[in-house]
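>>> Sequence below, structure please.
(2 chains)
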Amino acid sequence: MSKQLHSEAILRVIGLNKYFGDEHILKSISTTISKGEVVAIMGPSGGGKSTFIRCINRIEEPTTGQIYFGDLEVTGSKNKICDIRRDIGMVFQNFALFPHLSALENIMLAPTKIKKISKVKSKINAMALLKRVGLEEKANNFPEQLSGGQQQRVAIARSLAMDPKILLFDEPTSALDPEMVREVLDVMVSLAQEGMTMVVVSHEINFIKEAASRVLVLVNGEIIEDGPSKQVIEKPSHQRTKEFLGNLL
Amino acid sequence: MMDDFGINDIKHIFFNMEVMDGQWGLLFFGLWVTIKIAAVSIIFSTILGLFVAIVRIQNSSAYNLLLITYLEFCRATPIVVALIVVYFGLPFLNITFSPFQSAVIVIVFVHTAYIGEAFRSGILAINKSQTEAAQSLGLNQIQTYQYILVPQAFRIVLPTLANQWTGIIKDTSICTILAITELLKAAQIIAAWKANPTPLVMSTFMYLLILIPLTIFTMRLEKNVRIKK
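Residues are numbered from 1 along each chain as shown, chains lettered A, B, ... in the order given. Predicted structure coming up:
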């Protein structure tokens, strides 16, 4: 937490509540995420991890509370949400690549259609991103022709193409075969090392140890633990965290 | 002997090329009119169908009730009745359409309902995460439809769409009740004049002349889509 004092806040969540009908999914969550932080969100399923991360770019509508991205209020007028989302990348559990577009076209779509970058320029950029995730030779393949790990790496490249200031990962490796998890995590680790601000819902303990600077533990819609990753994983203060981590290891 | 006689008989009645002497011009003129009505109707009902589907998905209240009423109305009304109302009925309200306009209006009105429902189910069949991925990249609603949902829905509904287009081509034959010489009407005129049904048989082949290229076209599209997937 001390880290936040001397660095710039990029994301502020204030009193976030989310109800699905009568169910209280997120209970008055408040937290601040600083530039360059890699925050892992852990917790048992049904604890509200996905709902929380989906509220950050408002693809899930918060019931009450405020979220600020820099100076901009995510939870403000709906008219500005598209502009805000351009700077918040998101990677999904099921990859969510566009099946009718090739890997290259998936990456080029947003820059050419939203930022109006020329096709030539955005193609050069997209190829560079594909190279970065190690899939240069798959540029013209369609999602169906790619393995899960490859699809997820293309999805990461697609988010990066918009030059986001923060990247959200919603269980990026949960839908992958074990042998494909590593190739996705490698890309994420290198992003973390380059200073990308990331919020990652994940149970990949090795990744968290390796790349995360901070861990939030979300149980029953509340943050029960918040601290440096090493501390939370090795010396959790809350009994519920201990149980949960015990099940993971 | 009997068989021989039978076949000659059939030939004389249904495939009598002497009857067709000098009549092909009229039949081809009819074919051209049919193609024009069908092409305009297909284009308009497909575009409007897509529009209806999107409006129906986006709005839940008043629009929807209006649209559902329209859909049910279309399903329940025989197309001939609709044509009679538009062409013979509306002039009483001082609204007059040419036969061509009336035909297109009625065909589009009815088929838009069916095509709209097809598109709606196509769009709803797309995984919700596609919309979310598009949104998270910063695409607005129109862009999401334009680049993500409609192209995918189109691929899903293509077989249904091809069926509807075929239906539209065949429905152009309702124009025989109007003063408009499309393919079937042309065939009827010649058949009545020559007292022989050969022109009707020939007109059937001409419908095939339109339908076969359409079928090939849609099959190609479907194949392309499958390769791309």
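>>> just checking, what packs against the helix or strand bottoming out on mean pLDDT in chain A?
Least confident helix or strand, chain A: helix A:239-248 with a mean of 86, by mean pLDDT, DSSP states H and E. Contact partners of helix A:239-248 among helices and strands, from 3 or more CB pairs under 8 Å, 6 or more residues apart in numbering or on different chains; DSSP states H and E: strand A:214-219, strand A:222-228. Where C-beta positions appear, they are placed from N, C-alpha and C, glycine not excepted.
>>> Let me know the angle separating the first one from strand A:222-228.
Comparing the axes of strand A:214-219 and strand A:222-228 via axes from the mean of the first three to the mean of the last three CA atoms, to 10 degrees yields an angle of 160 degrees.
>>> mind checking how far strand A:214-219 is from the chain centre?
Chain-centre distance of strand A:214-219: 14 Å, with CA atoms, centre = their mean, to the nearest Å.
>>> Next one, pLDDT for the residue lying closest to A:Phe95 once chain neighbours are set aside please.
Sequence neighbours aside, A:Gln151 is the residue nearest to A:Phe95 in space, at 4.3 Å (criterion: CB to CB, 6 or more residues apart in numbering or on different chains). What the model reports as pLDDT for A:Gln151 is 97.
>>> which SS state does A:Gln151 fall under?
Here A:Gln151 is helix, with the state taken from DSSP: H, G, I helix; E, B strand; the rest coil.
>>> biggest helix in the chain by residues?
Reading this off chain A. Ranked by number of residues, the top helix in chain A under DSSP state H is helix A:178-193.
>>> Chain B was what I was after
For chain B, the longest helix by residue count, based on DSSP H, is helix B:24-58.
>>> what packs against the longest helix of chain A?
If you count contacts as 3+ CB pairs under 8 Å, 6+ apart, helix A:178-193 packs onto helix A:148-160, strand A:197-201, helix A:205-211.
>>> one step back: buried ones in the least confident helix or strand of chain A?
Within helix A:239-248, the residues scored as buried using 16 or more other CB atoms under 10 Å in any protein chain shown are A:240-241, A:244-245.
>>> that's a strand at A:Ala40, yeah?
Yes - if the criterion is three-state DSSP, then A:Ala40 is within a strand.
>>> what sits against the nearest residue in space to it that is not next to it in sequence?
Excluding the flanking residues, the one nearest A:Ala40 by CB to CB, 6+ apart is A:Ala212, at 4.0 Å. Contact analysis of A:Ala212 by CB atoms under 8 Å, 6 or more residues apart in numbering or on different chains lists A:38-40, A:192, A:200, A:229.
>>> Okay, A:Ala212 and chain B: tell me how far apart.
Distance, A:Ala212 to chain B, by CB to the nearest CB, to the nearest Å: 22 Å.
>>> phi, psi of that residue?
Phi and psi for A:Ala212, reported as degrees, to the nearest 10, are phi -80, psi 140.
>>> And for A:Pro236, the neighbour number?
By other CB atoms under 10 Å in any protein chain shown, 20 other residues sit near A:Pro236.
>>> Repeat that for B:Leu214.
Count around B:Leu214 with other CB under 10 Å applied: 16.
>>> Quick check: closest non-adjacent residue to it.
Using CB to CB, 6+ apart, the closest residue to B:Leu214 is B:Trp165 (6.2 Å).
>>> can you give me how far the helix or strand hosting the one you found is from the chain middle?
Assigned by DSSP states H and E, B:Trp165 falls within helix B:150-171. Centre-to-centre, helix B:150-171 and its host chain are 9 Å apart (CA atoms, centre = their mean).
>>> hey, least reliable of the helices and strands packed on helix A:178-193 by pLDDT?
Mean pLDDT across the helices and strands packed on helix A:178-193 is lowest at helix A:205-211; the value there is a mean of 91.
>>> Of all the helices and strands packed on helix A:239-248, which one comes closest to A:Leu16?
strand A:222-228 (10.4 Å; CB to CB).
>>> For the helix or strand following that closest one, name the packing helices and strands.
The element immediately downstream of strand A:222-228 (helix or strand, assigned by DSSP H and E) is helix A:229-234. With contacts defined as 3+ CB pairs under 8 Å, 6+ apart, helix A:229-234 has these neighbours: helix A:205-211, strand A:214-219.
>>> picking that back up, which residues are in contact with the residue nearest to A:Phe95?
A:95, A:97, A:143 are the contacts of A:Gln151 under CB under 8 Å, 6+ apart.
>>> Tell me which residue is most central in the chain.
Let's take chain A. Nearest to the geometric centre of chain A sits A:Leu168, at 1.6 Å (CA atoms, centre = their mean).
>>> ah, no, chain B please
The centroid of chain B falls nearest to B:Ile168 when counting by CA atoms, centre = their mean (1.7 Å).
>>> Was I right to think B:Ile156 contacts B:Arg120?
No - at 11.1 Å, B:Ile156 does not count as touching B:Arg120 under the criterion of CB atoms under 8 Å.
>>> the more surrounded of those two?
B:Arg120 (22 against 18).
>>> Now do that one, the pLDDT please.
In this model, B:Arg120 is scored at 93, pLDDT.
>>> Kindly report the same for B:Ile227.
pLDDT at B:Ile227 comes out at 53.
>>> Can you list the low-confidence ranges for the chain?
You didn't say which chain, so I picked chain A. The model of chain A has pLDDT under 70 over residues A:1-6, A:249.
>>> ah, I was thinking of chain B
B:1-5, B:226-229.
>>> how about the residues of it near chain A?
Contact residues, chain B versus chain A (CB under 8 Å from any CB of the partner chain): B:127, B:129-130, B:132-140, B:143, B:147-148, B:151-152, B:155, B:225, B:228-229.
>>> quick one on the thing from earlier: what separation do you get for the residue nearest to B:Leu214 and chain A?
Using CB to the nearest CB, B:Trp165 is found at 21 Å from chain A.
>>> what's the neighbour count on that residue?
21.
>>> Report the contact partners of it.
B:42, B:46, B:214, B:218.
>>> Kindly list the main-chain dihedrals of residue 195?
Looking at chain A here, since you left the chain open. Dihedral pair for A:Gly195: phi 90, psi 10, per degrees, to the nearest 10.
>>> that answer is for a different chain, and I need it for chain B
With angles defined as degrees, to the nearest 10, B:Ala195 sits at phi 50, psi 50.
>>> burial of it, as a residue count?
7.
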